[in-house]
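Chemist: The sequence and its predicted three-dimensional model are supplied below.
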Amino acid sequence: MAEEKILLTKFSKEGKEAGQVEVSSEVFGIEPNLHVLHQAVRRELANGRAGTACTKTRGEVRGGGKKPWKQKGTGRARAGSIRSPLWVGGGVTFGPRPRDYSFNLPRKVRVLAIRSSLSAAQSKFKVLEDFSFLSAPKTKEVASLINSLGLQSKKVLILADYKAAENQYLLLASRNLAGVKVRLPHNLSVKDLLDADAVVVSASAVQEINERYAAYV
């Protein structure tokens with residue numbers, strides 16, 4: 001039985017339909033696994049945490065080596081250090097310490113998460129041949145493209161190899177636009193795909209994504 005194909009609409013820089021691109025239903029047409037998507041987003045958020053929050057214990061706070069007053073006879077509560085956690089300026093009990101929040105997932109789970117997110121975001125995809133129409137790193141040219149595609153005031157994810165010659169101005173021309181993210185096709189993020197209102201992708205990038213993740217089926 002022949003594999004079912006899914007067609008993504010291709011657009012020109014003026015925002016007009018310019019054909020279709022065929023992709024695998026095993027990559028762009030599966031039933032999204034919500035549990036795996038949740039795990040993948042948790043992993044991305046956790047792996048992005050710095051984990052540098054730190055407080056000092058009573059042993060690390062400067063000072064407090066001298067007993068503030070004698071043990072008995074003053075009428076006050078006994079105290080051994082002005083750096084006790086009970087005192088202002090004292091140490092912190094059970095405060096945060098530097099730690100690593102990151103965790104990993106098996107490769108098959110990560111791949112399923114990407115395929116699930118691509119399938120969930122399939123209707124958001126708008127394919128362009130490439131970004132060679134950018135004559136210089138000018139923000140207004142990318143803004144004009146976004147307007148012609150009807151994506152004003154939306155969160156837009158652009159997937160393209162911005163290191164390639166035909167896309168050489170894409171990154172510089174896009175980075176000052178609010179709500180626009182540019183990512184390499186081999187650095188897909190589940191969170192970015194789910195969070196975007198639209199995904200603008202070059203034809204070569206969508207084929208690279210399709211071939212890369214169809215290989216795991």
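Modeler: Perfect, thanks for sending it.
Chemist: ok, how many other residues are close to the closest residue to Asp197 other than its chain neighbours?
Modeler: The shortest distance from Asp197 to any non-neighbouring residue, by CB to CB, 6 or more residues apart in numbering, is to Lys154 (3.9 Å). (Each C-beta comes from the backbone N, C-alpha and C, glycine too.) Neighbour count for Lys154, taken as other CB atoms under 10 Å: 14.
Chemist: A helix includes Lys154, no?
Modeler: No: secondary structure of Lys154 (DSSP: H, G, I helix; E, B strand; the rest coil): coil, not part of a helix.
Chemist: Where do the helices of the protein begin and end?
Modeler: 25-28, 34-47, 107-120, 139-148, 170-174, 190-195, 203-214 (DSSP state H).
Chemist: Could you report the separation of the closest residue to Ala46 other than its chain neighbours from Val190?
Modeler: Among residues not flanking Ala46 along the chain, Tyr101 sits closest, at 4.6 Å (CB to CB, 6+ apart). Remark: distance between Tyr101 and Val190 (CB to CB, to the nearest Å) = 17 Å.
Chemist: Of these two, which one has the most company?
Modeler: Val190 (24 against 11).
Chemist: Next one: the more buried one from Lys124, what distance?
Modeler: For Val190, the distance to Lys124 - CB to CB - is 14 Å.
Chemist: same question, Ala46
Modeler: Computed with CB to CB, the distance linking Ala46 and Lys124 is 25 Å.
Chemist: cool, and Val23?
Modeler: 14 Å.
Chemist: what about those two, which has more around it?
Modeler: Between Val23 and Lys124, Val23 has the larger neighbour count (other CB under 10 Å), namely 24 against 18.
Chemist: Now that one: closest residue in space, sequence neighbours ignored.
Modeler: Distances taken as CB to CB, 6+ apart place Asn210 nearest to Val23, at 4.6 Å, with adjacent residues excluded.
Chemist: can you count the residues close to that neighbour?
Modeler: For Asn210, using other CB under 10 Å, the count is 21.
Chemist: care to break the chain down by domain?
Modeler: 5-50+105-214, 55-95 (automatic domain parsing).
Chemist: taking the mean pLDDT, what do you get for the last one?
Modeler: Per-region confidence: domain 55-95 scores 96 on mean pLDDT.
Chemist: what sits against the closest residue to Arg43 other than its chain neighbours?
Modeler: Using CB to CB, 6+ apart and skipping residues adjacent in sequence, the residue nearest Arg43 is Leu105, 5.7 Å away. Listed by CB atoms under 8 Å, 6 or more residues apart in numbering, the contact partners of Leu105 are 39-40, 43, 113.
Chemist: and with 10 Å instead?
Modeler: 36, 39-40, 42-43, 111-113 (CB atoms under 10 Å, 6 or more residues apart in numbering).
Chemist: Give me the buried subset of these.
Modeler: 36, 39-40, 43, 111-113 (16 or more other CB atoms under 10 Å).
Chemist: Would you mind putting these into a markdown table with pLDDT and distance to Thr57 alongside?
Modeler: Shown next, in a markdown table, are those (pLDDT from 0 to 100; distance: CB to CB, whole Å):
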| residue | pLDDT | distance to Thr57 |
| --- | --- | --- |
| Val36 | 97 | 40 |
| Gln39 | 97 | 35 |
| Ala40 | 97 | 36 |
| Arg43 | 97 | 31 |
| Val111 | 96 | 44 |
| Leu112 | 96 | 43 |
| Ala113 | 97 | 40 |
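Chemist: In terms of distance to Asp161, which of those ranks first?
Modeler: Nearest to Asp161 among the buried ones among the contacts of Leu105, counting by CB to CB, is Val111 at 20.6 Å.
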